[in-house]
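[1] The following comprises the amino acid sequence and a computationally predicted model.
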Amino acid sequence: MATRIEFNQHGGPEVLQAVTFTPAAPGEHEIQVENRAIGINYIDTYIRSGLYPPPALPSGLGTEAAGVVVKVGSAVKHIKEGDRVVYAQSALGAYSSVHNVVAEKAAILPNAISFEQAAASFLKGLTVYYLLRKTYEIKPDEPFLFHAAAGGVGLIACQWAKALGAKLIGTVGSAQKAQRALQAGAWQVINYREESVVERVKEITGGKKVRVVYDSVGKDTWESSLDCLQRRGLMVSFGNSSGPVTGVNLGILNQKGSLFATRPSLQGYITTHEELVEASNELFSLIASGVIKVDVAEAQKYPLAEAQRAHEVLESRATQGSSLLIP
Ligand code: NDP
């Protein structure tokens, strides 16, 4: 028997329940993974709440984990039983002790990277990869704004930006988070509870503002983020932590300086296995060489059955860096 987290109605963390089940055999293109560490991502809360409804209820939850392959479908070529893997896929159900995964969405994990490091960094690190390297190619010495810089995605972005020699200006919601983002490599931090983000961005950049803003907060920051951009700058809106951006009049991009805007998602950048391998190789080499560290605080590692508590803490904005479920 295995254990997984399910929910049969949308709502707060209380709808999450641990249930036991007998895993089905993997399909011909799938592998069965005994999960050792499961990544918790903000998107999991959108799926639970109904902002991004799953195909059907009851539903599993979670898209990312690392573990050992225990069974392999007949058509799978690049992975064998006993391999250590990490995966991030749009199909749900990774909050589970055992999970069947499309093999193309999994990568072999180098020995230098632990299961916990992998589950804490794969989806979030691949996101940083495409944001800073593909959506817009950040240049050395270039200042740019990145919201929620002490979060799971944010702390990896701080470190990656430093590795690129770029100047990440991070927003944070507390003095402790400011310190954590600076330690990770942020060039400047702005505590939005005490300072105006737009005014500070102008001040820091000598009035020039920035060429690109990465905004995962959504509703609360959409308009002020546009005000941080230079003429013809790029707004990358990639999340909804405060709620989705809706009802946008495109004319606002004209009014605020002939701006560009994009709303990307990770799966749009790792659609093919080749894209996944290219992105994960770059991420793994930065982690294995110690350039990017993904140590998860003990208080942010929860037993699988405590997924409710993990969601409560994440949504209360109390976390720094990544959080994990341990089966
Ligand atoms: P985080 O660890 O960053 O947690 C969210 C953080 O957002 C909070 O800690 C908080 O930091 C900040 N925040 C600001 N306003 C709010 C609010 N109203 N409610 C809650 N939090 C708020 O989560 P993740 O690292 O998992 O994800 C970060 C973001 O990136 C999410 O929006 C997620 O959806 C998005 N994402 C998008 C992807 C894509 O491809 N499009 C892929 C992966 C993630 P503070 O206290 O400092 O304000």
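    That came through fine.

[2] Could you find the closest non-adjacent residue to Gly27?
    In space, Gly27 comes closest to Gly73 once its chain neighbours are excluded; the distance is 5.5 Å by CB to CB, 6 or more residues apart in numbering. Heads up, the C-betas are built off the backbone N, CA and C, glycines and all.

[3] if I pick Lys105, what's in contact with it?
    Taking CB atoms under 8 Å, 6 or more residues apart in numbering, we find Lys105 in contact with Tyr87, Ala88, Gln89, Leu276.

[4] Stretch 260-276 and the ligand in contact?
    Yes. Contact check for stretch 260-276 against the ligand, using CB under 6 Å from any ligand atom: residues in range are Pro264, Ser265, Leu266.

[5] what about the first one, neighbour count?
    Using other CB atoms under 10 Å as the criterion, Pro264 is surrounded by 15 other residues.

[6] Same question for the one 4 residues further on.
    Number of residues near Gly268 (other CB under 10 Å) recorded here: 12.

[7] what's the residue nearest the centre of the chain sitting at in phi/psi?
    In the chain, the centroid-proximal residue (CA atoms, centre = their mean) is Lys124; its distance is 3.2 Å. Lys124 adopts backbone torsions of phi -70, psi -40, taken as degrees, to the nearest 10.

[8] residues from the stretch 201-327 of the chain in reach of the ligand?
    Those residues of the stretch 201-327 of the chain that sit near the ligand, judged by CB under 6 Å from any ligand atom, are 216-217, 220, 238-242, 264-266, 315, 317, 319.

[9] My guess is the residue nearest to the centre of the chain contacts Gly39. True?
    Yes. Taking CB atoms under 8 Å as the definition, Lys124 is a contact partner of Gly39 at 7.4 Å.

[10] quick one, helices of the stretch 151-300 of the chain?
    With DSSP state H, counting those that start in this stretch, the ranges of helices along the stretch 151-300 of the chain come out as 152-164, 175-184, 197-204, 222-227, 251-255, 273-288.

[11] Could you export the ones you listed as a markdown table, including mean neighbour count and mean pLDDT?
    Below are the helices of the stretch 151-300 of the chain laid out as a markdown table (neighbours: other CB atoms under 10 Å; pLDDT from 0 to 100):
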| stretch | mean neighbour count | mean pLDDT |
| --- | --- | --- |
| helix 152-164 | 25 | 98 |
| helix 175-184 | 19 | 98 |
| helix 197-204 | 18 | 98 |
| helix 222-227 | 20 | 98 |
| helix 251-255 | 12 | 98 |
| helix 273-288 | 17 | 96 |
